[in-house]
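# structure of the sequence below:
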Amino acid sequence: MPTTAPAPPPHLLWDIFCRVIDNFGDIGVCWRLCSDLAGRGHEIRLWVDDASALTWMAPEALEGRVPGVRVLPWSDSANATCVAALRHADVWVETFGCEIAPEFIAAYANSMRAEDQNDSKFPAWINLEYLSAEGFARRCHRLASPVMHGPAKGATKFFFYPGFTPDSGSLIREPNLLQRQQTFDAAGWLLAQGVPHSAGPVVSLFCYEPRALPALLRQLADSPKPCTLLVTPGRATGALQAALAAHPSLRGATRIHLLPHLSQTDFDHLLWASDFNFVRGEDSLVRAMWAGKPFAWHIYPQDDDAHHAKLDAFLDWMQATPSLRDLHAAWNATRVDANLPPILQEMPGWARLASQARDRLLEMPDLSTQLIDFVAEKR
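Numbering: from 1, shown residues only. Next comes the predicted model:
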């Protein structure tokens, strides 16, 4: 007897809230999530308090060229007045601990009452947290958080933690990502950036101000084959210029190219075209892992050194070798005695680890898939 295929999940309207704090990682993650969900047929309203980074990160966003996504200004109570004119969302997503303004929530509740929808309820409400391999993130993943007071009293939020293991929310991964990588022309992309072909290693640099940067430059300068160093704008360029100003000899034969701001698509291309990637923050770490190339993560430093435990947990999951741990300790200055290992010599072993890590991640459902399934459970 023929069986009926399960119905696909309904396409939903998502309100995703983003407060830009520092370094564009928050808006970067939010935009990737919005465009990925929209690509699966959902409708997205991205509420953001500072969308300026999208002018170069995703120019199509502000030009309204992404079907299914609207970018709206978010200024707490100022947005409450427009809620009544908007179609009610099916899902609310607070990203990285930001909270929807009480005025917005109250306006939503008043709008529902005005429409006499007494049996209605608040949207499925998700607090999308920071990425972490630490145990607490897995323990708190999908936990309920009842709202005990305010205009949303009686509603329930749910914590959702991206992560690296099957008991986490996984990572953003577009359905066509692997196909894009397989058809990517690295040499052609580099040439389009003004970087001619080289027989030596290509290294990308996206970092804060690492103490070990002069040691890295010395290693590249001493390479038997001239290296190409592709430097992202902002703090990485500033750190490089400061290091070379203090020690001009560190340039050696290294071919240094200062890049313009790259769109998210071209940032992926940068990682795919490089033999080794220095990345920082959350979004670029995830993209480096999908690139499958050896990398070093410059984790966002915190005053209480909480990032040390976060970095250690990630390296544990990576099954990092002693040399890879030394690399991260030196690059992040988490140990005063840490020295930069010989990167070009260690790259083949680190490449195997990166490839194995990506294979483990590919076995898991991606973040958008898990969010969609979770919302279907809770609505």
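# got the buried residues for stretch 303-310?
For stretch 303-310, the buried set under the neighbour-count rule, 16 or more other Cβ atoms under 10 Å, comprises 308, 310. All C-beta spots, glycine's among them, are computed from the backbone N, C-alpha and C.
# low pLDDT regions in the stretch 1-150 of the chain?
Applying pLDDT under 70 to the stretch 1-150 of the chain flags the ranges 1-9, 23, 76-81, 84, 114-120.
# just the helices in it please.
For the stretch 1-150 of the chain, the helices defined by DSSP state H, counting those that start in this stretch occupy 25-39, 54-57, 59-62, 102-114, 135-140.
# how about the one residue sitting closest to the centre of the chain: what's its closest non-neighbour residue?
Centre of the chain computed as the mean C-alpha position; nearest residue by Cα atoms, centre = their mean is Asp283, 1.9 Å away. Excluding the flanking residues, the one nearest Asp283 by Cβ to Cβ, 6 or more residues apart in numbering is Gly28, at 4.0 Å.
# what sits against the one you found?
53, 57, 264, 283-284 (Cβ atoms under 8 Å, 6 or more residues apart in numbering).
# ok, Trp272 next?
When contacts are counted by Cβ under 8 Å, 6+ apart, Trp272 touches 181, 184, 186, 189, 291, 293.
# mark which of these are buried, thanks.
Buried members of these, scored by 16+ other Cβ under 10 Å, are 291, 293.
# run through who's touching the lengthiest helix in the chain.
Of all the segments of type helix in the chain, defined by DSSP state H, the longest one is helix 343-362. Helix 343-362 is contacted by residues 164, 170-171, 173, 201, 216, 219, 223, 227, 275-276, 289-290, 292-295, 317-321, 323-324, 327 when judged by Cβ under 8 Å, 6+ apart.
# only alpha carbons, please: show it as PDB.
Extracted in PDB, the C-alpha atoms of helix 343-362 (Å, rounded to 0.1, in the frame of the first residue of the first chain):
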ATOM      1  CA  ILE A 343      53.300  26.900  10.700                       C
ATOM      2  CA  LEU A 344      54.300  26.000   7.200                       C
ATOM      3  CA  GLN A 345      55.800  22.700   8.400                       C
ATOM      4  CA  GLU A 346      52.800  21.800  10.500                       C
ATOM      5  CA  MET A 347      50.200  22.700   7.900                       C
ATOM      6  CA  PRO A 348      49.700  19.200   6.400                       C
ATOM      7  CA  GLY A 349      48.900  17.700   9.800                       C
ATOM      8  CA  TRP A 350      46.600  20.600  10.700                       C
ATOM      9  CA  ALA A 351      44.900  20.300   7.300                       C
ATOM     10  CA  ARG A 352      43.900  16.700   8.100                       C
ATOM     11  CA  LEU A 353      42.400  17.700  11.400                       C
ATOM     12  CA  ALA A 354      40.400  20.500   9.700                       C
ATOM     13  CA  SER A 355      39.100  18.100   7.100                       C
ATOM     14  CA  GLN A 356      38.100  15.500   9.800                       C
ATOM     15  CA  ALA A 357      36.400  18.200  11.800                       C
ATOM     16  CA  ARG A 358      34.400  19.300   8.800                       C
ATOM     17  CA  ASP A 359      33.400  15.700   8.000                       C
ATOM     18  CA  ARG A 360      32.000  15.400  11.600                       C
ATOM     19  CA  LEU A 361      30.000  18.600  11.100                       C
ATOM     20  CA  LEU A 362      28.600  17.500   7.800                       C
END
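# right, and the helix or strand after it?
Tracing the chain past helix 343-362, the next element assigned as helix or strand by DSSP states H and E is helix 367-378.
# list the buried residues of that following helix.
For helix 367-378, by 16+ other Cβ under 10 Å, it's 367-372, 374-375.
# mind picking the one among these that's closest to Glu94?
Leu371 (12.9 Å; Cβ to Cβ).
# still on that earlier bit, reformat the buried residues of helix 367-378 as CSV; add distance to Ile16.
Formatted as CSV, these follow (distance: Cβ to Cβ, whole Å):
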residue, distance to Ile16
Leu367, 13
Ser368, 12
Thr369, 16
Gln370, 15
Leu371, 10
Ile372, 13
Phe374, 15
Val375, 12
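# in JSON lines: those residues, plus pLDDT.
Formatted as JSON lines, those follow (pLDDT from 0 to 100):
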{"residue": "Leu367", "pLDDT": "98"}
{"residue": "Ser368", "pLDDT": "98"}
{"residue": "Thr369", "pLDDT": "98"}
{"residue": "Gln370", "pLDDT": "98"}
{"residue": "Leu371", "pLDDT": "98"}
{"residue": "Ile372", "pLDDT": "97"}
{"residue": "Phe374", "pLDDT": "97"}
{"residue": "Val375", "pLDDT": "97"}
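# which one of those residues is nearest to Arg335?
Leu367 (32.2 Å).
# kind regards, and thank you for your time.
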